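Engineer: After the sequence you'll find the predicted model.
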Amino acid sequence: MKFLKGFGRLATTITALMIVELASAQIPAKDQAAKPAQEPASSQYVGADTCKTCHEDLFNGLQKTRHWNSLLKTKEGTEAHSCETCHGPGAEHVNSGGDKTKIFVFKDQAPEVISKRCLSCHALKPEHANFERSAHATNGVSCISCHSPHFAKEQRRLLVEKQPQLCYTCHTEQKADFSKPFRHRVNEGLLKCTDCHNVHGSPMPRSVRVAEEQDTVCYKCHRNLQGPWVFEHAPMKTQGCSSCHQPHGSVNPRLLMVNQVNLLCLQCHTPTATPNTRARDSIAPGTPAGPVHDQSAKFQACTICHVFIHGSNADVTFMK
C-alpha cells in the first residue's frame with residue numbers, strides 16, 4: 001500500500017515538471033514569432049556574375065590578374081566575394097539601379113581611404129608594412145596611383161605603367177640623371193627602381209632597401225667593396241656610398257660627385273701646414289688626414305696611390 005502511494009506522488013511530480021517545461025519552451029517560440037527574422041549578411045552580396053552584367057570590361061580585366069584567384073578564396077577566416085571583396089556589398093547598389101553612393105567607388109575617395117582598404121589585405125606582407133609612413137603615402141599617393149586591379153600594363157605587380165616610365169611621371173630629376181654619360185643601366189632594363197628602393201616605405205632615407213646583412217643596398221651588387229676591413233674608410237659606415245657617388249647618374253666617371261678625385265677627397269682631407277711630417281700624426285686625433293705633397297697634375301688622382309680607398313686589410317692609408 002505504501003509502495004502505491006509513493007508511486008502516485010512520483011507520477012504527480014513528473015507530470016508537473018513536464019507541464020513547466022512545455023510552458024517555458026513556448027515562451028521563446030512566441031518571442032521569436034514576434035521579432036522579424038534578421039537577414040543574413042551574405043544576402044547583401046550579389047556575386048560577380050551580377051556585377052558582370054553592367055561592368056563587363058572591368059570584370060574581364062580582373063579575371064586576367066592574380067587578384068581574381070585570391071578574391072574568390074577565403075582568407076584569414078573571412079569569406080571572399082570577388083568584386084565585392086574590395087567594393088563592398090552590392091545588393092543596395094543593384095536594387096537602386098546603379099546608384100554609386102550605395103557602393104564603394106575607389107576613384108571618388110581620398111588617397112588615405114583607398115590605401116587603407118588595400119592594406120586590409122596587403123599590410124600582412126612585409127613589403128607593405130611601412131607604407132602609411134612612407135614618402136608616397138604622406139604626399140597623397142595612393143595604391144591605385146601606381147596599381148590598376150583591372151587594366152594593369154604589367155601583370156606581376158599590376159602596375160599602370162612599366163618601370164621606369166611609371167616612376168618618371170613624378171621623379172623627373174632622376175629621369176635626367178639616368179640620361180647622363182655615367183649611370184646605372186635602368187633605362188636599358190638591367191636594373192629597376194624597385195631593386196634599390198622600397199616604394200612602399202623603408203626605415204632608410206629615400207626609401208632605400210636594406211640588404212640581408214642590414215648594410216646599404218649597394219653591396220647587393222658591389223660585394224667586393226663591402227668588407228669587413230681591418231682599416232675602414234669612415235664614410236663607408238657613417239654616410240654611405242652616396243657621400244662620394246651619385247647613385248643614379250653623373251657626368252663624372254665612377255659616378256663621382258666632382259670631376260677631379262683630389263677635389264672630392266679634399267672636401268674632408270684638408271692639407272696641413274707642416275708638409276714634412278705625416279699628416280695623420282700632425283693633426284688632432286679623429287681628424288681626417290690631409291695630403292703632405294703638392295696638388296699638381298701628377299697627384300690630382302689620389303687613388304693612383306691610395307688604391308684601396310673603400311677599405312684595406314693591410315694599410316691604414318689604403319695604399320696596399
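Structural biologist: In hand now; what should we look at?
Engineer: Report the central residue of the chain.
Structural biologist: By C-alpha atoms, centre = their mean, the mean C-alpha position of the chain lies nearest to residue 200, the distance being 2.7 Å.
Engineer: mind checking the SS state of it?
Structural biologist: Secondary structure, DSSP: H, G, I helix; E, B strand; the rest coil: residue 200 is coil.
Engineer: how far away is it from residue 151?
Structural biologist: Distance of residue 200 to residue 151, given as C-beta to C-beta, to the nearest Å: 21 Å. (Glycine included, C-beta is placed from N, CA and C.)
Engineer: and what of residue 216?
Structural biologist: To residue 151, residue 216 is 37 Å away according to C-beta to C-beta.
Engineer: How much space separates residue 228 from residue 208?
Structural biologist: Distance, residue 228 to residue 208, by C-beta to C-beta: 21 Å.
Engineer: Residue 255 and residue 178 touch, don't they?
Structural biologist: No: applying C-beta atoms under 8 Å, one finds residue 255 not in contact with residue 178, separated by 11.5 Å.
Engineer: Give me the common contacts of the two.
Structural biologist: Jointly contacting residue 255 and residue 178 under the rule C-beta atoms under 8 Å, 6 or more residues apart in numbering are 184, 249.
Engineer: picking up where we left off before, pick out whichever of residue 216 and residue 151 has more residues nearby.
Structural biologist: More crowded of residue 216 and residue 151, by other C-beta atoms under 10 Å: residue 216, with 21 against 13.
Engineer: what sits against that one?
Structural biologist: Neighbour list for residue 216: 208, 210, 240, 241 [criterion: C-beta under 8 Å, 6+ apart].
Engineer: Quick check: bridge partners of it?
Structural biologist: When bridges are called by DSSP bridges, residue 216 pairs up with residue 210.
Engineer: show me where pLDDT drops low in the chain?
Structural biologist: Across the chain, residues meeting the criterion (pLDDT under 70) sit at 1-42, 71-79, 211-215, 271-287, 297-298.
Engineer: Show me the domain layout of it.
Structural biologist: 49-104, 111-209, 231-312 (automatic domain parsing).
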